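Colleague: just to be clear, the model below is a prediction. Sequence and coordinates:
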Amino acid sequence: MAVSPFLQEGGKGVGLEKAVRRKTVEGKNCLSRAVSFLAGGTVRFSTVNQVLDFMRFRSHLCQWSLALLILALCSDARGAERPRARDLGIRIGVLPPGPNNAITDVSGVRVGHVTLISGEGKLVVGEGPVRTGVTAVVPHPDDVYLNQVFAAAEALNGNGEMTGMAWINERGLLEVPVVLTNTLSVGEGYSGVVAYMLRQDPGRVPLPVVAECYDGGLNDIAGRHVREEHVIRAIESAADGPVVEGSAGAGTGMRAYGFKAGVGTASRVLTKAQGAYTLGVLVVANCGRRPSLVIDGVPVGRHLPVARPPARDGSIVILIATDAPLIPIQLRRLCKRSALGMSRTGTFSRTSSGDLALAFSTARRIPRNAATVDTVHTLRDHRLNPLLQATVEATEEAIVNALCAADTMTGRDNRTIPGLPLDRLVDIMKQHNRIE
């Protein structure tokens with residue numbers, strides 16, 4: 001059921017995906033050589049580096065059939081080739097991004113995806129078409145259950161689910177990887193986290209944190225195709241570095257502002273005088289109506305015709321990570337500021353929308369041991385303003401990146417959600433002097 005893990009699993013992927021995602025000529029040539037190699041054809045190289053690059057992942061190619069490889073690579077490459085907002089010349093806010101402009105710019109934070117895509121045509125519940133997945137965000141490389149981090153959560157509008165919120169806000173600590181999936185797979189997400197934790201130690205009693213958005217417009221959501229093993233795989237494949245955006249993991253079947261959307265991420269780095277802290281945001285964007293879409297202050301949605309009114313309002317999950325030494329009450333303030341970043345794109349939390357935010361700090365780990373007192377250093381409140389600004393900017397850009405990265409997708413009953421037309425977007429931004 002899952003599209004080849006060669007591309008779809010992991011936060012940054014391997015081999016061909018890196019090449020395609022970076023939109024290099026070498027990557028496209030490497031794909032061509034790979035297909036030729038598996039088909040028994042002649043593979044030609046023009047440089048020594050091309051030979052070395054091909055040899056590095058040739059062993060991976062032999063693990064899948066030619067048909068499955070072509071399907072996975074071609075479908076993901078189309079989405080991967082779409083540029084992010086900054087690639088188009090759109091500069092949101094004034095603070096600089098980190099090297100990957102992703103939540104993984106916060107040291108230790110890792111992201112993993114498992115993407116489930118299969119079938120086409122008429123919906124048959126339990127069979128498909130399937131357009132869904134799981135995304136896991138892991139706060140640091142060590143055992144999170146034994147090395148907890150400060151956290152806080154906020155329901156900006158409560159028509160949605162994030163399990164474990166009450167315990168996070170009661171205790172102020174995060175003890176599990178955060179899992180994102182579709183609305184009707186929250187139970188499987190919960191079970192998957194429990195199973196993963198019990199593998200570490202059968203004596204544990206974790207309270208999983210699983211958040212959801214509805215992807216039933218494209219996906220056989222009632223078929224509940226997410227399984228425990230998908231959740232475990234997403235956690236175990238989580239990696240640092242670039243994050244696959246758009247139609248990946250939990251974002252596979254999501255749409256926002258009448259366009260295909262899904263996972264998006266962005267980061268901001270403060271100046272040395274501000275503490276040189278990094279803050280990153282990852283969203284699952286499934287929110288907004290097209291006429292309301294605003295990008296960098298430009299009313300883009302007004303310039304893009306609406307084919308049909310939305311059948312329902314959507315939702316958004318916002319995860320915020322920072323290496324700044326913040327305590328839970330300060331992290332909750334970041335959660336509240338994320339609403340400002342969301343609203344800057346044109347979403348105001350309608351009644352039927354589930355808009356949920358969670359923030360955590362990696363600066364201090366609270367060990368699960370017999371100690372009776374913890375000494376905590378925290379940032380003074382008057383130094384918090386740059387982080388509040390970073391939250392707003394990174395949330396806004398993460399939503400825009402989700403829209404830019406996601407290509408047109410057809411799902412159940414041949415329903416098609418179009419990708420944001422990037423050529424029109426660039427024209428509109430130029431007309432408003434946002435791009436030179």
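Modeller: Great, that's in hand.
Colleague: test my guess that Glu396 contacts Arg344.
Modeller: Yes. Contact criterion Cβ atoms under 8 Å: Glu396 and Arg344 qualify, at 4.7 Å. C-beta: built from backbone N, CA, C; applies to glycine.
Colleague: more neighbours: those two, which one.
Modeller: Comparing Glu396 with Arg344 by neighbour count (other Cβ atoms under 10 Å), the higher total belongs to Glu396, at 27 against 21.
Colleague: per-residue confidence at that one?
Modeller: Per-residue confidence (pLDDT) for Glu396: 98.
Colleague: repeat that for Ser349.
Modeller: Looking at Ser349, its pLDDT reads 88.
Colleague: and for Ser353?
Modeller: On pLDDT, Ser353 comes in at 86.
Colleague: tell me the buried residues in the longest strand belonging to the chain?
Modeller: Ranked by residue count and defined by DSSP state E, the top strand of the chain is strand 354-367. Of the residues in strand 354-367, 354-366 count as buried by neighbour count, 16 or more other Cβ atoms under 10 Å.
Colleague: helix, strand, or coil at the residue nearest the centre of the chain?
Modeller: The residue lying closest to the centre of the chain (Cα atoms, centre = their mean) is Val263, at 3.4 Å. For Val263, the reduced secondary structure class is strand; criterion used: DSSP: H, G, I helix; E, B strand; the rest coil.
Colleague: ditto for Asn169
Modeller: Applying three-state DSSP to Asn169 yields a three-state assignment of helix.
Colleague: now do the longest helix along the chain: which elements does it pack against?
Modeller: Criterion DSSP state H: the longest helix present in the chain is helix 385-405. Helices and strands touching helix 385-405, by 3 or more Cβ pairs under 8 Å, 6 or more residues apart in numbering; DSSP states H and E, are strand 255-256, strand 262-269, strand 278-286, strand 315-322, helix 328-343.
Colleague: now do Phe259 against Asp220, distance only.
Modeller: Distance, Phe259 to Asp220, using Cβ to Cβ, to the nearest Å: 22 Å.
Colleague: brain fart, Arg204
Modeller: The value you get for Arg204 to Asp220, if Cβ to Cβ is used, is 33 Å.
Colleague: residues of the longest helix of the chain that come out buried?
Modeller: Applying a neighbour-count criterion of 16+ other Cβ under 10 Å, one finds 386-405 buried in helix 385-405.
Colleague: ok, then the element right after that helix?
Modeller: For helix 385-405, the succeeding helix or strand toward the C-terminus, using DSSP states H and E, is strand 409-410.
Colleague: what strands line up against that following strand, and which way round?
Modeller: Partner strands for strand 409-410, per DSSP bridges, with pairing direction: strand 416-417 (antiparallel).
Colleague: more neighbours, Arg204 and Asp220?
Modeller: Asp220 (25 against 15).
Colleague: in space, what's closest to that one - neighbours in sequence excluded?
Modeller: Ranked by Cβ to Cβ, 6 or more residues apart in numbering and with sequence neighbours excluded, the top spatial neighbour of Asp220 is Gly128, at 5.0 Å.
Colleague: with His230 instead?
Modeller: Of all residues beyond its chain neighbours, the one nearest His230 is Val114 (4.6 Å), with distances taken as Cβ to Cβ, 6+ apart.
Colleague: please pull out the lowest mean pLDDT helix or strand from the chain.
Modeller: Ranked by mean pLDDT, DSSP states H and E, the weakest helix or strand in the chain is helix 16-21, scoring a mean of 36.
Colleague: who's the residue nearest to the centre of the chain bridged to?
Modeller: In beta-bridge terms (that is, DSSP bridges), Val263 pairs with Gly246, Val284.
Colleague: residue contacts, it?
Modeller: For Val263, the residues meeting the contact criterion (Cβ atoms under 8 Å, 6 or more residues apart in numbering) are 113, 135, 243-246, 248-251, 282-285, 402, 405.
Colleague: tell me the spacing between it and Ala324.
Modeller: 24 Å.
Colleague: again with Arg204
Modeller: In terms of Cβ to Cβ, Arg204 sits 29 Å off from Ala324.
Colleague: any buried residues in stretch 222-235, and which?
Modeller: For stretch 222-235, the neighbour count (16+ other Cβ under 10 Å) marks Gly223, His225, Val226, Arg227, Glu228, His230, Val231, Ile232, Arg233, Ala234, Ile235 as buried.
Colleague: same deal with stretch 132-152?
Modeller: By neighbour count, and taking 16+ other Cβ under 10 Å as the criterion, the buried residues in stretch 132-152 are 132-140, 144-145, 147-152.
Colleague: in helices, which of those residues appear?
Modeller: Among these, the subset assigned to helices under DSSP H is empty.
Colleague: just the ones of the residues you listed in strands?
Modeller: Within those, residues falling in strands by DSSP E are 132-138, 147-152.
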